[in-house]
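A.B. asks: 3D model of this:
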Amino acid sequence: MRTMLRLAVCTLAVVLAAVAFLAARPAAAQAPMPLPQIWTGEVLPSEGLQPGLTAEQLELRVSQLSSDAEIAGLLEKLRIGGQVGLRNAMRGLAGKGFLRFGKLAGVDVTVIRVFDREDGHRVLRLYCDFPIRLFDQSVSRFADDEHPFGFIELEVDSSGTGGTGKLVAAASLGLGEDGLKIEAAATPVLSVLDVTSNRPPSPRAPR
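C.D. replies: Residues are numbered from 1 along each chain as shown. Below is the predicted model:
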């Protein structure tokens with residue numbers, strides 16, 4: 001089963017509309033997004049990537065979310081200064097939480113968005129200003145000057161358990177006609193299974 005769920009090493013070109021990156025301005029009738037939040041999941045290593053002494057468990061503790069103003073400013077930095085300008089701007093922001101894999105030390109993260117979709121699912125998107133170190137030697141194997149970021153997307157339904165996600169350890173970010181573009185030219189795109197959140201969305205009443 002696990003072999004079937006692993007994603008092959010390939011070129012990833014995920015285009016997220018700018019509204020998706022900015023997503024999640026709540027409607028007036030919605031309650032504020034509850035904080036803090038704890039998200040967990042199990043990262044499936046790709047073929048040929050062994051976890052070694054490091055566990056595969058992902059843990060993300062979210063204490064604050066990126067505001068619309070912050071995201072708009074970051075997109076402008078990317079437009080004007082490219083990836084270097086964006087990375088420098090991200091490093092100047094206050095921490096929004098921390099990310100940990102297995103026994104590795106947790107690292108601060110500065111760009112986190114959480115929003116609820118029309119289907120009743122809650123989605124988290126995390127943008128790191130550094131390549132994500134998953135397992136022993138993973139950064140040195142996959143990161144390069146063209147792919148200085150990390151990206152994680154997690155999703156749960158109202159149960160808060162059994163969700164899924166994806167992770168790009170070393171990614172490039174750019175702006176295209178359709179919005180933000182995330183590419184991982186030679187990096188394994190990893191599946192995240194058994195995603196949980198202690199702050200899932202409320203069940204929707206049947207229509």
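A.B. asks: Could you check how far stretch 184-199 is from the centre of its chain?
C.D. replies: 8 Å (CA atoms, centre = their mean, to the nearest Å).
A.B. asks: What residues of it count as buried?
C.D. replies: 184, 187, 188, 189, 190, 191, 192, 194, 195, 196, 197, 199 (16 or more other CB atoms under 10 Å). Yep, even glycine has a C-beta here, placed from its N, CA and C like the rest.
A.B. asks: Could you give the backbone dihedrals for the most centrally placed residue in the chain?
C.D. replies: In the chain, the centroid-proximal residue (CA atoms, centre = their mean) is residue 152; its distance is 2.1 Å. Backbone geometry at residue 152, expressed as degrees, to the nearest 10, gives phi -140, psi 140.
A.B. asks: gap between the closest residue to residue 112 other than its chain neighbours and residue 158?
C.D. replies: Counting by CB to CB, 6 or more residues apart in numbering, residue 96 is the residue found nearest to residue 112 once chain neighbours are left out, at 4.5 Å. Remark: distance between residue 96 and residue 158 (CB to CB, to the nearest Å) = 24 Å.
A.B. asks: per-residue confidence averaged over the longest helix anywhere in the chain?
C.D. replies: Longest helix of the chain, by residue count under DSSP state H: helix 68-91. Averaging pLDDT along helix 68-91 yields 97.
A.B. asks: Residue 100 against residue 40, yeah?
C.D. replies: No. Residue 100 is beyond contact range of residue 40, at 9.8 Å (criterion: CB atoms under 8 Å).
A.B. asks: who touches both of those two?
C.D. replies: 58, 59, 60 (CB atoms under 8 Å, 6 or more residues apart in numbering).
A.B. asks: check contacts around the second one.
C.D. replies: So that's residue 59. 38, 39, 40, 99, 100, 101, 106.
A.B. asks: Select, from those, the two members most distant in space.
C.D. replies: Farthest pair in those (CB to CB) is 38 and 101. Separation: 14.7 Å.
A.B. asks: which residues does residue 42 contact?
C.D. replies: Residues near residue 42 by CB under 8 Å, 6+ apart: 56, 57, 58, 192, 193, 194.
A.B. asks: between these, which is nearest residue 122?
C.D. replies: Looking across the contacts of residue 42 and measuring by CB to CB, the closest to residue 122 is residue 192, at 14.6 Å.
A.B. asks: Output the below-cut-off pLDDT ranges for the protein.
C.D. replies: Residue ranges of the chain with pLDDT under 70: 1-30, 46-55, 135-143, 185, 187-188, 205-207.
A.B. asks: redo that, cut-off 80
C.D. replies: Applying pLDDT under 80 to the chain flags the ranges 1-31, 45-56, 103-105, 134-144, 185-188, 205-207.
A.B. asks: Could I get the buried residue list for the strand ranked longest in the chain?
C.D. replies: Longest strand in the chain by number of residues (criterion: DSSP state E): strand 163-176. Buried positions in strand 163-176, judged by neighbour count with 16+ other CB under 10 Å: 163, 165, 166, 167, 168, 169, 170, 171, 172, 173.
A.B. asks: Residue 44: which of the residues you listed is nearest?
C.D. replies: Closest to residue 44, out of all of those and judged by CB to CB, is residue 167, at 9.4 Å.
A.B. asks: thinking again about what came up before, distance to residue 33 for the buried residues of strand 163-176 - can I get that in JSON lines?
C.D. replies: What follows is the buried residues of strand 163-176, written out as JSON lines (distance: CB to CB, whole Å):
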{"residue": "163", "distance to residue 33": "17"}
{"residue": "165", "distance to residue 33": "18"}
{"residue": "166", "distance to residue 33": "22"}
{"residue": "167", "distance to residue 33": "22"}
{"residue": "168", "distance to residue 33": "24"}
{"residue": "169", "distance to residue 33": "27"}
{"residue": "170", "distance to residue 33": "29"}
{"residue": "171", "distance to residue 33": "25"}
{"residue": "172", "distance to residue 33": "29"}
{"residue": "173", "distance to residue 33": "24"}
